[in-house]
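*Asks:* coords please:
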Amino acid sequence: MTKIFMIHGAFGHPEENWFPWLKSKLEQLNCEVFIPKFPTPENQSLEKWNDIFENYENQLDENSIVIGHSTGAVFLLSVLEKLNKQIKACYLVYCFTRMPDNLEINKTFTDKTFNWNAIRRNSNYIKIYHSNNNPHIDLKYPKKIASHLDCSLEIIKNAGHFNEKVGYIKFEKLLEDIKPIL
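*Replies:* Numbers count the residues shown, from 1 in each chain. Okay, here's the model as predicted:
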């Protein structure tokens, strides 16, 4: 059975945006889906998120898929670079390694040099999604990440921050992209 781990972003939680919809759809495809709750905004740090994810990390294997949104996507970069085993696929939604305003809440996640070779080595497949009208991150940042990871970057029109605020309670394209990997 494929195990899928979905990681929310800063100020987020497991029941927001398209997470419940995607979890339901993936469970219908006989996947086991985990959406851990991470501390945010209070007590948010890379170290505290790592402490929580350690409870799940031993379940990652060659059949696992990880999906991260916003800070959750950046967190997955850190997870993958230290993993020491390969997973099936990684989907990064609204991924960044720097923000123009570099919000204080994200500094422990972004104030580092990423080991792109290790990240690429530890995931058999990586795909990044970004929007043409993203309110916070210029397209040059996910383009640079995609270049470092030698992976595809899909620009989705009018998706904003891929959240409920812009009506993103379903993510059909992501589900469509995951199905062939299963």
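
*Asks:* and stretch 37-56, how far apart are its ends?
*Replies:* 12 Å (Cα to Cα, to the nearest Å).

*Asks:* Averaged pLDDT, it. What do you get?
*Replies:* Per-region confidence: stretch 37-56 scores 97 on mean pLDDT.

*Asks:* what does that stretch contact?
*Replies:* Outside stretch 37-56, the residues that touch it by Cβ atoms under 8 Å, 6 or more residues apart in numbering are 5, 7-14, 34, 36, 71-72, 75, 78-79, 105, 108-109. Where C-beta positions appear, they are placed from N, C-alpha and C, glycine not excepted.

*Asks:* can you give me the offset of that stretch from its chain's centre?
*Replies:* Relative to its parent chain, stretch 37-56 has a centroid offset of 14 Å by Cα atoms, centre = their mean, to the nearest Å.

*Asks:* Restricted to buried residues, select the contacts of stretch 37-56 in ChimeraX.
*Replies:* Buried subset of the contacts of stretch 37-56, written as a ChimeraX selection, criterion 16 or more other Cβ atoms under 10 Å:
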select :5,7,8,9,10,12,14,34,71,72,75,78,79,108,109
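
*Asks:* Which members of the contacts of stretch 37-56 are positioned in helices?
*Replies:* 71-72, 75, 78-79, 108-109 (DSSP state H).

*Asks:* Format the residues you listed as TSV; extra columns: pLDDT and distance to Leu174.
*Replies:* What follows is the ones in helices among the contacts of stretch 37-56, written out as TSV (pLDDT from 0 to 100; distance: Cβ to Cβ, whole Å):
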residue	pLDDT	distance to Leu174
Thr71	95	18
Gly72	98	13
Phe75	98	18
Ser78	98	21
Val79	98	19
Thr108	92	27
Phe109	94	22
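
*Asks:* Make a markdown table from the residues you listed and add distance to Val93 to it.
*Replies:* Output for the ones in helices among the contacts of stretch 37-56, formatted as a markdown table (distance: Cβ to Cβ, whole Å):
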| residue | distance to Val93 |
| --- | --- |
| Thr71 | 11 |
| Gly72 | 8 |
| Phe75 | 12 |
| Ser78 | 16 |
| Val79 | 15 |
| Thr108 | 20 |
| Phe109 | 15 |
